[in-house]
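K.L.:
build the 3D model from these lines:
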Amino acid sequence: MANQYVPPKVWTMDSENGGQWASINRPDSGARHEKTLPIGEHPIQLYSMGTPNGQKVTIMLEELLALGVKGAEYDAFLIRIGDGDQFGSGFVDVNPNSKIPAMVDRSGPEPINVFESGNILFYLAEKFGHLLPTEAAPRAQVMNWLFWLQGSAPYLGGGFGHFYAYAPEKFEYPINRFAMEAKRQLDVLDKQLAKGTFIAGEAYSIADIAIWPWYGNLVLGNAYNAAEFLDVQSYTHVQRWAKMMAERPGVQRGRIVNRTMGEAWERIDERHSAADIDAALTKQPA
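P.N.:
Coordinates of the predicted model:
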């Protein structure tokens, strides 16, 4: 215990020990540079990156387009968070919290700014009348699980993912603490999915769209290189659901938008038409 950290009376930032995000993380908010956001030709303008939170929205939009909702056509512009694009003045005007994704709906007389990924899913579901039940009981179930995800994912990403995969040093206590919580969350999902085909029952919904990019990618081995460590194969119902979701064309299309890593067929910087995704997917090996 000789090297135990003793917090100072007043916290100050230590920029030398911030890990890979030290160059952009600060304890203040607001714009750091002037930068106007581009605007495409479609009603929906998305400013994002293909992280799990970004994938939620592009999957939602692709699912809506698959349902024939023409008003869901969108332009998706890449926000490189590692470069600090989220601190540009235009982005901060849309989302004062400087987090992706952020969306502007320009279909009406005045632009509507929408941020927080769960709220964007809810907004799109309400706007277009899809993927969210209107009856009170099933609607409440979907919203239960949407809010569950919004509260739980930070423990997986900012907790487990950070300390297991991204922190400059590995420490046993936080890794064990957040691994336990990640596995508890997987157990919650596994028991829920034993009851039905999808997260909130037998109907596909925004709850599935919200949860899959985080927990689906995790159990499929696409997150933190931690599948063996967390014994994800033991969550058989989550595995079944995650694989089923991965077969959906809307998921396959949405997950590659605004991605900057991976093979050529699983990433496109920007999306302005269906042809952008089509061109990438044609490169996928048979």
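
K.L.:
pLDDT wise, what is the closest residue in space to F115 that isn't next to it in sequence at?
P.N.:
Leaving aside its chain neighbours, F115 sits nearest to N95 (3.8 Å; criterion: CB to CB, 6 or more residues apart in numbering). Any C-beta I mention is one placed from the backbone N, CA and C, and that applies to glycine too. N95 is assigned a pLDDT of 98 by the prediction.

K.L.:
then A2?
P.N.:
60.

K.L.:
repeat that for the one 10 residues further on.
P.N.:
pLDDT, the model's per-residue confidence, is 91 for T12.

K.L.:
list the contacts for the residue nearest to F115?
P.N.:
Applying CB atoms under 8 Å, 6 or more residues apart in numbering to N95 gives the contacts 86, 102, 113, 115.

K.L.:
check G129 too.
P.N.:
Contacts of G129 by CB under 8 Å, 6+ apart: none found.

K.L.:
got phi/psi on it?
P.N.:
phi 70, psi 40 (degrees, to the nearest 10).

K.L.:
tell me who's in contact with I211.
P.N.:
Contacts of I211 by CB under 8 Å, 6+ apart are 145, 149, 189, 199.

K.L.:
from L186, how far off is it?
P.N.:
11 Å (CB to CB, to the nearest Å).

K.L.:
before we move on, what about N25?
P.N.:
According to CB to CB, N25 and L186 sit 28 Å apart.

K.L.:
compare the two and say which is more crowded by neighbours.
P.N.:
L186 (21 against 11; other CB atoms under 10 Å).

K.L.:
can you map out the strands along this protein?
P.N.:
Secondary structure of the chain (DSSP state E): strands at 44-48, 74-78, 102-105, 112-115.

K.L.:
count the neighbours of A125 for me.
P.N.:
21.

K.L.:
picking that back up, now, the most widely separated pair of the contacts of N95?
P.N.:
Farthest apart among the contacts of N95 by CB to CB are Q86 and N113. That separation is 14.2 Å.

K.L.:
these two: which is more packed in?
P.N.:
When neighbours are counted by other CB under 10 Å, Q86 and N113 differ, and Q86 comes out ahead with 24 against 13.

K.L.:
correct me, but that one touches I79?
P.N.:
Yes. Applying CB atoms under 8 Å, one finds Q86 in contact with I79, separated by 5.6 Å.

K.L.:
just the pLDDT at A136, thanks.
P.N.:
So, for A136, pLDDT stands at 98.

K.L.:
next one: it from H130, what distance?
P.N.:
For A136, the distance to H130 - CB to CB - is 18 Å.

K.L.:
okay, those two: which has more neighbours?
P.N.:
H130 (18 against 8).

K.L.:
read off the pLDDT value for A22.
P.N.:
71.

K.L.:
count the neighbours of it for me.
P.N.:
Residues near A22, counting by other CB under 10 Å: 14.

K.L.:
so how far is P168 from it?
P.N.:
According to CB to CB, A22 stands 9 Å off from P168.

K.L.:
same thing with P43?
P.N.:
With CB to CB as the criterion, P43 and P168 are 43 Å apart.

K.L.:
okay, the two: which has more neighbours?
P.N.:
Set P43 next to P168 and count neighbours by other CB under 10 Å: P43 wins out with 17 against 10.

K.L.:
quick one, what contacts that one?
P.N.:
Contacts of P43 by CB under 8 Å, 6+ apart are 71-74, 105-107.

K.L.:
got the contact list for the nearest residue to it once chain neighbours are set aside?
P.N.:
In this structure, P43 finds its nearest non-sequential neighbour in S107, 3.8 Å apart by CB to CB, 6+ apart. S107 is in contact with 43-44, 71, counting by CB under 8 Å, 6+ apart.

K.L.:
and for P138?
P.N.:
200-201, 203.

K.L.:
low-confidence ranges in this protein?
P.N.:
1-2, 15-21 (pLDDT under 70).

K.L.:
can I get the longest helix along it as PDB, trimmed to CA atoms?
P.N.:
For the chain, the helix with the greatest residue count under DSSP state H is helix 172-193. What follows is helix 172-193 as a C-alpha-only set of coordinates in PDB (Å, rounded to 0.1, in the frame of the first residue of the first chain):
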ATOM      1  CA  GLU A 172      -6.100  -5.300 -11.300                       C
ATOM      2  CA  TYR A 173      -8.800  -3.500  -9.200                       C
ATOM      3  CA  PRO A 174     -10.600  -1.500 -11.900                       C
ATOM      4  CA  ILE A 175     -10.300  -4.300 -14.500                       C
ATOM      5  CA  ASN A 176     -11.800  -6.800 -12.000                       C
ATOM      6  CA  ARG A 177     -14.500  -4.300 -10.900                       C
ATOM      7  CA  PHE A 178     -15.700  -3.500 -14.400                       C
ATOM      8  CA  ALA A 179     -15.300  -7.100 -15.700                       C
ATOM      9  CA  MET A 180     -17.700  -8.200 -13.000                       C
ATOM     10  CA  GLU A 181     -20.200  -5.500 -14.000                       C
ATOM     11  CA  ALA A 182     -19.800  -6.300 -17.700                       C
ATOM     12  CA  LYS A 183     -20.500 -10.000 -17.000                       C
ATOM     13  CA  ARG A 184     -23.500  -9.100 -14.800                       C
ATOM     14  CA  GLN A 185     -24.900  -7.000 -17.600                       C
ATOM     15  CA  LEU A 186     -24.400  -9.900 -20.100                       C
ATOM     16  CA  ASP A 187     -26.300 -12.100 -17.600                       C
ATOM     17  CA  VAL A 188     -29.100  -9.600 -17.400                       C
ATOM     18  CA  LEU A 189     -29.400  -9.700 -21.200                       C
ATOM     19  CA  ASP A 190     -29.000 -13.500 -21.400                       C
ATOM     20  CA  LYS A 191     -31.900 -14.100 -19.100                       C
ATOM     21  CA  GLN A 192     -34.100 -11.500 -20.900                       C
ATOM     22  CA  LEU A 193     -33.300 -13.000 -24.300                       C
END
